[in-house]
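> sequence first, predicted coordinates after that:
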Amino acid sequence: MAHTAVSYWEHHTFLSGYDVVIVGAGIVGLTAAIYTRQLRPTARVCVLERDTLPNGASTKNAGFACFGSASELLEQQRRGGAAALQAVVRARWQGLGRLRELLGDEALDYQPVGGFELFRFQDAALAAECYRQLPYLNELLAPIIGRPDIFRDATHRLPGLGLAGVEHMLENTAEGALDTGRLMLALLQRAWAAGVVVLHGMPVTALEPGSGFVRVHTPLGQLEAGQVLLATNAFSRQFFPELDVAPGRGQVLVTEPLPDLHLPGTFHYDRGYTYFRQVGQRLLLGGGRHLDPATEATTEPGLTPVVQHYLEDLLHTVILPGRRPHIDFRWSGVMAFGAELAPIIRPLAPGVFGALRCNGMGVAMGAGTGWQAAQMMSGA
């Protein structure tokens, strides 16, 4: 029986007749929906999003079009080996390319400004290791990125940036920045234009696989579809508690406008755990989850004194030394991590598929993960 709060029109137009239901309207979910319509033009596709805007990281990230700083990549290689590192960098690089191809650089406000990794005096050992490994990283990744000089020394550029206490700087010449808000708006517009129905404020409370269909439970009633894709990243353990998916909350702040600010590029510090960039005339700064991993391993939004004090201290002493600009925005987003570097893209139950766990690289991995999920569900 239909839920009493739903009209006949709402039930037949919005809550029935779907071939594919995608849970999660972030980068992965929306690209999977768009690519599903490309591969199966007659399929009825619906995307369900529990909040007004995605509550993970798709609208809350820093807008880095990156695939990893030198120290971050070396740490990831220690975890998974050279082959796994090559595979994940390839996925990130191809994912960024797919995103730019799908939406266009103008819609994304994509800027090929490069990525820079900073090393302070106390980071001397880490800096020495990264510099020693530059030829190795360039050789390892050149076949993927298509250029031999991916990483190079950029210490000579430090005097023009006004940073304090930074002794060395490396450049990743293949990285860039984009506008996260414009990215998500463009994806939503493309999804609706492709015939995808996107319903916000529609949390999924349970999934019930059946014989040839999956029943999707929501507060407005039940939907049925032949296939369901979970694109819920760190929130996926609500449905499948055994998944190797651990949440990692990232906190971000943005200053008031600073007319004299000049920081071209995207900046990484401390193995990628901290990052900042100029956004218009403002300074965006985020990270610090490694300071208190247990507290930040949560799907709950929130800010903590430990991380906020760390970010503000870095802002006042290193990035804008001696200055204390007003902070106009503070927020958090939730990423998903696991033991392996590769995302989870596979069947989870009869008729239920997963496309999740981008390991903090959703901007880079999202479109590629969505494409692979669409192919998986279409049997390509």
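Okay, I see it.

> hang on, residue 344 packs against residue 237?
No: using Cβ atoms under 8 Å, residue 344 makes no contact with residue 237, being 11.4 Å away. Just so you know, the C-beta spots here come from the backbone N, C-alpha and C atoms, and that holds for glycine as well.

> spit out the residues that contact those two alike.
243, 245 (Cβ atoms under 8 Å, 6 or more residues apart in numbering).

> could you check which of those two has the larger neighbour count?
A direct count of neighbours by other Cβ atoms under 10 Å for residue 344 and residue 237 places residue 344 higher, at 22 against 17.

> ok, the more buried one - contacts?
243, 244, 245, 338, 354, 355, 356, 357.

> which two in the residues you listed are spaced the farthest apart?
Greatest spatial distance in the contacts of residue 344: 244 and 355, 14.5 Å, computed using Cβ to Cβ.

> more neighbours: which of those two?
Neighbours were counted for residue 244 and for residue 355 using other Cβ under 10 Å; residue 355 has more, 31 against 12.

> now that one. Nearest residue, chain neighbours left out?
residue 373 (3.7 Å; Cβ to Cβ, 6 or more residues apart in numbering).

> next one: residue 115
According to Cβ to Cβ, 6+ apart, the nearest residue to residue 115 is residue 175 (3.3 Å).

> need the per-residue pLDDT for that neighbour.
Here the pLDDT value assigned to residue 175 is 97.

> that one: what's it in contact with?
Contact partners of residue 175, counting by Cβ under 8 Å, 6+ apart, are 64, 65, 66, 67, 113, 114, 115, 266.

> repeat that with 10 Å
64-69, 96, 112-116, 150, 265-266, 268, 364 (Cβ atoms under 10 Å, 6 or more residues apart in numbering).

> just the buried ones among the residues you listed, please.
When the contacts of residue 175 are checked for burial by 16 or more other Cβ atoms under 10 Å, the buried set is 64-69, 96, 113-116, 150, 265-266, 268, 364.

> show me the strands in the stretch 151-300 of the chain, by range?
151-153, 166-172, 176-177, 197-200, 206-209, 214-218, 221-230, 246-255, 266-269, 274-279, 282-287 (DSSP state E, counting those that start in this stretch).

> so which of those is the most packed in?
Most buried of the strands of the stretch 151-300 of the chain, by mean neighbour count (mean count of other Cβ atoms under 10 Å): strand 266-269, with a mean of 25.

> tell me the mean pLDDT for that one?
98.

> check stretch 124-131 too.
98.

> how about stretch 349-360: buried residues?
351, 352, 353, 354, 355, 356, 357, 358, 359, 360.

> and that stretch, end to end?
25 Å (Cα to Cα, to the nearest Å).

> one more: stretch 241-249?
Terminal residues of stretch 241-249 lie 19 Å apart, using Cα to Cα.

> go on, stretch 50-68?
Terminal-residue distance, stretch 50-68 (Cα to Cα): 31 Å.

> in it, which residues are buried?
Those would be 50, 54-68, for stretch 50-68 by 16+ other Cβ under 10 Å.

> quick one, what contacts residue 35?
Counted by Cβ under 10 Å, 6+ apart, residue 35 has contacts 98, 102, 194, 367, 370, 371, 372, 373, 374, 375, 377, 378.

> from the chain's centroid, how far away is the helix or strand it falls within?
Using DSSP states H and E, residue 35 sits in helix 27-39. Distance of helix 27-39 from the chain centroid (Cα atoms, centre = their mean, to the nearest Å) equals 16 Å.

> and which of the buried residues of stretch 349-360 is nearest residue 184?
The nearest one, if we look at the buried residues of stretch 349-360 relative to residue 184 and count by Cβ to Cβ, is residue 358, at 15.3 Å.

> wait, that closest one sits on residue 366?
Yes: at 6.5 Å, residue 358 and residue 366 qualify as touching, with contact defined as Cβ atoms under 10 Å.

> what segments of the stretch 51-200 of the chain are helices?
Assigned by DSSP state H, counting those that start in this stretch, the helices in the stretch 51-200 of the chain fall at 70-80, 82-103, 105-108, 124-145, 180-193.

> can you list the buried residues in the fourth one?
In this case it means helix 124-145. In helix 124-145, counting by 16+ other Cβ under 10 Å, buried: 126, 127, 130, 131, 133, 134, 137, 138, 140, 141, 144, 145.
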